[in-house]
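Trainee: okay, here's the prediction I keep looking at, along with the sequence it came from:
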Amino acid sequence: PALESAPLSSALSSIACATHVECASVGVGVGVGYEACTAEDLDQAAQEEAELPPNFEADAWARLLSAVQAVHAKEPVAHSFEELYRCVEDMCLNDLAAIVYERLEAACKAHIEASIDVLLGQTPDTLAFLTLIDACWTGHCDEMLTLRSIFLYLDRTHVMQTSKRSLWEMGLSLFRAHLAERPDVGVKVRHGLLLMIEKERQGDQVERSLLQTLLRMFHDLGMYTAQFEGHFLEATTSFYASEASSKLQTVDVPTYLQHAKWRLQQEEQRVKHYLLPSTRKALVQAVRHSLLAEHVSTILDKGFTKMLELNRLDDLGALYSLLQLVDALPKLRAAFAEYIKRVGASMVSDVEKERNLVQELLQFKERLDLVLSQAFCANELFGHSLKEAFEQFINVRQNRPAELVAKFIDTRLRSGNKGSSEEELEEVLDKTMTLFRYIDGKDMFEAFYKKDLSKRLLLDKSASTDAEKSMISKLKAECGSGFTSKLEGMFKDVELSRDVMASFRGSPHARKMSASEVELSVHVLTQGYWPTYPPAEVTLPQEILELQDMFSSYYMSKHNGRRLQWYPFLGHCTVKANFPLGKKELAVSLVQTTVLLLFNDADGIGYRDILQATGVDDKELKVTMQSLACGKVRVLRKQPKGRDVGDEDIFYFDTAFKHQLFRIKINSIQLRETESEAEQTTERVFQDRQYQIDAAIVRIMKARKSFSHTLLMSELFQQLKFPLKPPDLKKRIESLIDREYLERDPTVASGYRYLA
């Protein structure tokens, strides 16, 4: 029967395992006499050789069992591995593989049970217990590897031909099954592992190799997720939740952020050294949640404002990167916008600090831009929030910021603004344009800018024509040509006036001036381009009146049909003054000149006499006399002394006047804006707005014929670009109804109809 299922060589090798000496003689005999044998002889020899020794199975297993027990006992094996391998091979070839597998499994099971059971109750010390488990597991792995090398033929033939588990898997299954039967062991191992990790988090040194081995044991046994990972993540969440609450109460936010960053790095190292890579995502998420996500509001409330105020860019960058990990950037963005609105509204509402408001806003914007670019990675959404926050707070006081921005630009473009190069001036103008974009009342800005520009041009106080034109180009690019057409017209008038004066000086009319010591220069302005100046009465000296008449005659001869209207309050003069202590040239306004020339005929003149002689308004004259007798440069003396000018005061030519400069400017009063001027400018803007509202209403109703009140209001808010209030719009609608441009629609509630 053996020969029917196996070749002759296999039968010979099986016999060789049982009887070593006989095997040699038979093998030689067969090898020498094979060709001389007949077929009948071969059959007979095969039958004789296929017969196994009577105790073959028992002897072979006894030898293998002895080896298994020696391996389990960590003692030397009596036979060589080659002999044992041959023995396993012989048993498998003789249909004993299943028996060998079962007996080996039983032997391993008994040994594993004994190995684990002996651990129970050995030591209450957690670390010592983990060391014992580690030794047990390591020993088990070594033993199974050794046994597999002995039973390799079984593992490669019988196991692969059947549904049996490999010897290594069998060992893992037995170890796992017995651990499941002894839950106390698994719980104690898990508790020990969690305790070691907690101690490491608290700063103690632990044996990471032990942690690595035991966690790999859980993984190899298929128990990592069920027995360890879930409990580990719970312990992690609990540990860091407690730590976060404690830290936030004892340290400032920047320190806490650095701590959170350090903790995340630590957990990454744990994954690298002993945790499984599959745990990383859940672990990092748990740490981020406990340290950051749960405390975003606290972190922002406690430290965000202070970091912004102190401009701590590194800390703000750390905050941004950490909150990005927990998808909390929307909250950070909301806090950023809220800070800008709060601080900005406080700045704009502080009336006492209006003088430096624009400069402070520019510095505030520059600081926020730095935070945005360096700390917040130039995040586009944060940039939108910054823009929206500025637009909201800068229009809290609807018209005042527009006026202040115009005045700020005026101070920068005015001559005497020393200490800055053209490049620096251009940079300041660019930054100021950013604030201009946020302002709703751009028409208010235009009115004040035009008024200030007119003074700079007419009084020759502009620092740079190139800078002026550059600013107008910026406004044109931002608001269109319609916004700057009048401003450009003002420049054209100034340039044309130079040509007019050049032509005038070569005309016959100018030859009459040759005998006069007074030189005349005139700006001819187109009334539609320039601000509206109220007419002012002043009695000018006869010399000046004669020069005005000469120019008027010349101009009317060249431009028939035009009308000239003189505005003396915008005129300025250079007056030669002969003081006893030296000659000076005084740069003064035309009104100041009129006053000073009175002192050519008298040394002392009373205020009432000056008022009568000049014909200037009382309030305006008092300001003028203050500039001459009470300012920094006092060419007149006032009796009695004091800062205020009274009706009974007497003024004298100051014979003791002296000054280190030859040319002295006293006409800065012309550049100052009085409260009445500002009020008049504001009032004109409001009047223009009413005209624009009326025109928009008529334009919409003419196109629609009939429209509801709600839709009309919505359309007006879309079309008109300046700040609007519903009550103001309602008043204009009522005004148009009274003037019969509109009527109420009787067929529709709250509706209007256009009247052609």
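Mentor: Perfect, I can see it now.

Trainee: show me the contacts for Met444.
Mentor: Contacts here follow C-beta atoms under 8 Å, 6 or more residues apart in numbering; on that basis Met444 touches Asn399, Ala402, Glu403, Thr682, Val685, Phe722. In short, each C-beta sits where N, CA and C put it, glycine included.

Trainee: rerun that using 7 Å as the cut-off
Mentor: Asn399, Ala402, Glu403, Val685 (C-beta atoms under 7 Å, 6 or more residues apart in numbering).

Trainee: now the residues you listed in JSON lines, with pLDDT and neighbour count?
Mentor: Formatted as JSON lines, the entries for the contacts of Met444 read as follows, by pLDDT from 0 to 100; neighbours: other C-beta atoms under 10 Å:
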{"residue": "Asn399", "pLDDT": "80", "neighbour count": "21"}
{"residue": "Ala402", "pLDDT": "88", "neighbour count": "28"}
{"residue": "Glu403", "pLDDT": "88", "neighbour count": "23"}
{"residue": "Val685", "pLDDT": "77", "neighbour count": "20"}
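
Trainee: so which of those residues sit within helices?
Mentor: Judged by DSSP state H, helices contain the following of the contacts of Met444: Ala402, Glu403, Val685.

Trainee: turn the contacts of Met444 into CSV, including distance to Lys583.
Mentor: Formatted as CSV, those follow (distance: C-beta to C-beta, whole Å):
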residue, distance to Lys583
Asn399, 48
Ala402, 46
Glu403, 42
Val685, 46
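
Trainee: out of the residues you listed, who's nearest Phe304?
Mentor: Among the contacts of Met444, Ala402 lies closest to Phe304 (C-beta to C-beta), at 31.2 Å.

Trainee: okay but that closest one is in contact with Glu446, surely?
Mentor: No - counting by C-beta atoms under 7 Å, Glu446 is not a contact partner of Ala402; they are 8.6 Å apart.

Trainee: what residue ranges in the stretch 601-750 of the chain score low on pLDDT?
Mentor: Counting by pLDDT under 70, the stretch 601-750 of the chain shows low-confidence ranges at 667-678.

Trainee: tell me where it has helices.
Mentor: Counting by DSSP state H, counting those that start in this stretch, one finds helices in the stretch 601-750 of the chain at the ranges 607-614, 618-629, 675-704, 709-719, 726-738.

Trainee: just send those back as TSV, with distance to Ser589 too.
Mentor: Shown next, in TSV, are the helices of the stretch 601-750 of the chain (distance: least, C-beta to C-beta, whole Å):
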stretch	distance to Ser589
helix 607-614	12
helix 618-629	8
helix 675-704	15
helix 709-719	43
helix 726-738	39
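
Trainee: and of these, who's closest to Asp649?
Mentor: Using C-beta to C-beta as the criterion, the shortest distance between Asp649 and these is 4.8 Å, found for helix 607-614.

Trainee: only the buried residues of the closest one, if you could.
Mentor: Neighbour counts over helix 607-614 (16 or more other C-beta atoms under 10 Å) mark Tyr607, Ile610, Leu611, Thr614 as buried.

Trainee: contacting residues around the third one?
Mentor: Right, the one you point to is Leu611. With contacts defined as C-beta under 7 Å, 6+ apart, the neighbours of Leu611 are Asp618, Leu621.

Trainee: setting aside sequence neighbours, what's the nearest residue to Arg367?
Mentor: Spatial nearest neighbour of Arg367, chain neighbours left out: Asn311 (6.1 Å); criterion: C-beta to C-beta, 6 or more residues apart in numbering.
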